[in-house]
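Trainee: For reference, the sequence and a predicted model appear below.
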Amino acid sequence: MAKKFIDVMDTTFRDGFQSVYGARVLMEDFFPAVEAAKEAGITHFEFGGGARFQSLYFYLNEDAFLMMDKFRSIVGKEANLQTLARGVNTVTLDTGSKELIDLHAKLFAKHGTTTIRNFDALNDVNNLKFSAECIKKYGLNHEVVVTLMDLPPHCKGAHDVPFYERILKEILEANIPFDSVCFKDASGTSNPNKIYETIKMARKILPQDTHIRLHTHETAGVSIACYLAALEAGADGIDLAASPVSGGTSQPDILTMMHAVKGKDYDLGGLEEEKILKYEEVLKECLSDYFLPPEATMVSPLIPFSPMPGGALTANTQMMRDNNILDKFPEVIKAMREVVEKGGFGTSVTPVSQFYFQQAFNNVMFGKWEKIADGYGKMVLGYFGKTPVKPDEEIVKLAAKQLNLEPTNELAVDIADKDETKSIAYTKALLEKEGIETSEENIFIAAACKEKGIAFLKGEAKVNVRKVSQMPKAINADENKFTVSVNGNKYHVEVSAGFDKAVNIKNVKKASGEVAQEEKKIPSQENADCIEASMSGNVFKILVNENDSVKAGQVVFVLEAMKMEIEVNAPKDGIIKEICVKTGDSVSEGQALALY
């Protein structure tokens, strides 16, 4: 009896890169591995979408559409090239208008895509219908998704088999066109028994011969068990990655899974171990200079309590590492549990996972529920769709008050359609103002990436990858301590090298031994009239000029940190005497941004 053929999608070049390197891998560095994967017999790839769209413009100074074209040219016309889309969000973190959702499908079809896997983090079927119709309109395969996770202990009301059955039935009743169904667990927290029962349920209620897939991550340590459970329940496909971007926060390794099914009646994609081994050797060489964050190779027993997706975990830890606040990560993960419990049980996958993390981050950095993150607040207020259960009423009240927004039941796409800034005409006018060609690709890049998209199109984007060869050399212990004199006072200063090649002030002590300041780059500002950075990040916007009068509480700077815009307010009335930074500068918590 022939073994059942199991379709394997290689996620190395999309989810693998996102889960390990924060999606920051240059195309010319990994294309030799794509060729090796093709030679190994792989014909189904995840090659774009998700974070591997915006990240190319944000950090790599590369065009995602060009990358997709080149990828297609390497693997040939017959390969199934798949991308990831977030329903009405497509490949951004914000809701798109119908014009932009349609343009997304049109352009991805134009640039080599075969299949679009399409999900909504809230499992709100209303957010899937129009995007599905656009995907099919342009001749693409539509893989509709039900997003999974396990709830923190003692929580209930969603994310069990009856909940997933309800979502599947809503998809069928809404007549959403699809070619396959994927159950996607970005946090890897679903337990194997639930996976088995979910796939069995889906097999009963979906049309006969529907292709059913499971996607999960190794973050919680149970991915192989979940894949075996899914196969036993009748799944037709699974997602795997190649070392060194497999396991840990990513998908299980292809070779590991091939080993796990030995003796069972499954043929994993017709793949051969020796050929995959050779492919992984090429990939390892291609990525040898990229900094491999240690947390990317680990599993965590805490993830089922605070379901942080593998694709977001390392991106967040890397941003914290860059801003010298990685020590706060355990606190943020711990705080995330309460944020999930009170937020309405949206699945922890982009963009909801980022909303959860941002709110947990704010709760740690600014005090519990003192600062509602914009995305989290809008989610509990209904601006991204309907959450699986009602969010905590007190949190909804706080969000409404802080964001000055009322709760809504209006469809997310209808809200977006009313927003002029999300129209093609608005974006086209921005490009014309900058003298940039108004091609459909450029319009979508600018609409999806905002200021950073415009900067890329103007040739002003910078490459920001984390390569070992570009990391600052360790500072000799005897060479990182200095004595400086400021306003007649002597200070002993100890410095450390940051990942961005900047030198950061680690500690400052008065010469007498009294601690003057810690983690501040300008010790002389201890008693000066200044506006300080509330946290480490990059200067995103400067809203005042020198000699401007400002009022206490007025927003004078906007910092960018952890994918959030952090407003900096004037502490008192006064006149801005000096602006100490420029747009794009990296700043540390407590650093002077302006002087009165």
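Mentor: Perfect, thanks for sending it.
Trainee: Asn324 is in contact with Ser588, isn't it?
Mentor: Yes: if you go by Cβ atoms under 8 Å, Asn324 and Ser588 touch, sitting 6.9 Å apart. From N, CA and C alone the C-beta is placed, and that goes for glycine too.
Trainee: who's in contact with Ala312?
Mentor: By Cβ atoms under 8 Å, 6 or more residues apart in numbering, the contact list for Ala312 reads 186, 350, 353-354, 357.
Trainee: ok, those vs Lys136, which is closest?
Mentor: Nearest to Lys136 among these, counting by Cβ to Cβ, is Thr350 at 23.2 Å.
Trainee: circling back to that earlier point, could I get the contacts of Ala312 as JSON lines with neighbour count?
Mentor: Putting the contacts of Ala312 into JSON lines (neighbours: other Cβ atoms under 10 Å) gives the following:
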{"residue": "Ala186", "neighbour count": "29"}
{"residue": "Thr350", "neighbour count": "24"}
{"residue": "Ser353", "neighbour count": "26"}
{"residue": "Gln354", "neighbour count": "24"}
{"residue": "Phe357", "neighbour count": "29"}
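Trainee: Which of those fall in helices?
Mentor: Residues of the contacts of Ala312 located in helices (DSSP state H): 353-354, 357.
Trainee: closest to Asp102 among those residues?
Mentor: Using Cβ to Cβ, Gln354 comes nearest to Asp102 of the ones in helices among the contacts of Ala312, at 24.9 Å.
Trainee: looking at it, Val581 is touching Lys541, isn't it?
Mentor: No: counting by Cβ under 8 Å, Val581 does not reach Lys541; the two are 11.2 Å apart.
Trainee: where are the low-confidence patches of the stretch 51-200 of the chain?
Mentor: For the stretch 51-200 of the chain, applying pLDDT under 70 flags no range at all.
Trainee: Now tell me which helix or strand of this protein has the poorest mean pLDDT.
Mentor: When the helices and strands of the chain are compared on mean pLDDT, DSSP states H and E, strand 515-517 comes out lowest with a mean of 41.
Trainee: As a check, name the ranges of all helices in the stretch 351-500 of the chain.
Mentor: Using DSSP state H, counting those that start in this stretch, the helices assigned to the stretch 351-500 of the chain run over residues 352-366, 374-381, 393-403, 412-417, 424-434, 440-457.
Trainee: Pick the most deeply packed of the ones you listed.
Mentor: Most buried of the helices of the stretch 351-500 of the chain by mean neighbour count (mean count of other Cβ atoms under 10 Å) is helix 352-366; its value is a mean of 25.
Trainee: Go ahead and produce CSV holding the CA coordinates of it.
Mentor: Extracted in CSV, the C-alpha atoms of helix 352-366 (Å, rounded to 0.1, in the frame of the first residue of the first chain):
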residue,chain,number,x,y,z
VAL,A,352,-2.8,41.1,17.6
SER,A,353,0.4,39.5,19.0
GLN,A,354,2.1,42.9,18.5
PHE,A,355,-0.8,44.6,20.3
TYR,A,356,-0.5,42.2,23.2
PHE,A,357,3.3,42.7,23.4
GLN,A,358,3.0,46.5,23.2
GLN,A,359,0.5,46.6,25.9
ALA,A,360,2.5,44.3,28.1
PHE,A,361,5.5,46.4,27.4
ASN,A,362,3.7,49.6,28.4
ASN,A,363,2.4,47.9,31.6
VAL,A,364,6.0,47.2,32.5
MET,A,365,7.6,50.4,31.4
PHE,A,366,4.9,53.0,32.4
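Trainee: just checking, what packs against it?
Mentor: helix 310-322, helix 329-342, helix 374-381 (3 or more Cβ pairs under 8 Å, 6 or more residues apart in numbering; DSSP states H and E).
Trainee: Out of those helices, which one sits most buried?
Mentor: Across these, averaging neighbours per residue (mean count of other Cβ under 10 Å) puts helix 310-322 on top, at a mean of 24.
Trainee: relative to helix 329-342, how tilted is that helix?
Mentor: Orientation check (axes from the mean of the first three to the mean of the last three Cα atoms, to 10 degrees): helix 310-322 against helix 329-342 gives 140 degrees.
Trainee: distance between helix 310-322 and the chain's centre?
Mentor: The chain centroid and the centroid of helix 310-322 are separated by 9 Å under Cα atoms, centre = their mean, to the nearest Å.
Trainee: just stretch 456-464 next, same as before
Mentor: Remark: stretch 456-464 is offset 20 Å from the chain centroid, using Cα atoms, centre = their mean.
Trainee: Can you give me the end-to-end span of it?
Mentor: Its first and final residues considered, stretch 456-464 spans 13 Å by Cα to Cα, to the nearest Å.
Trainee: That concludes my questions; thank you for your assistance.
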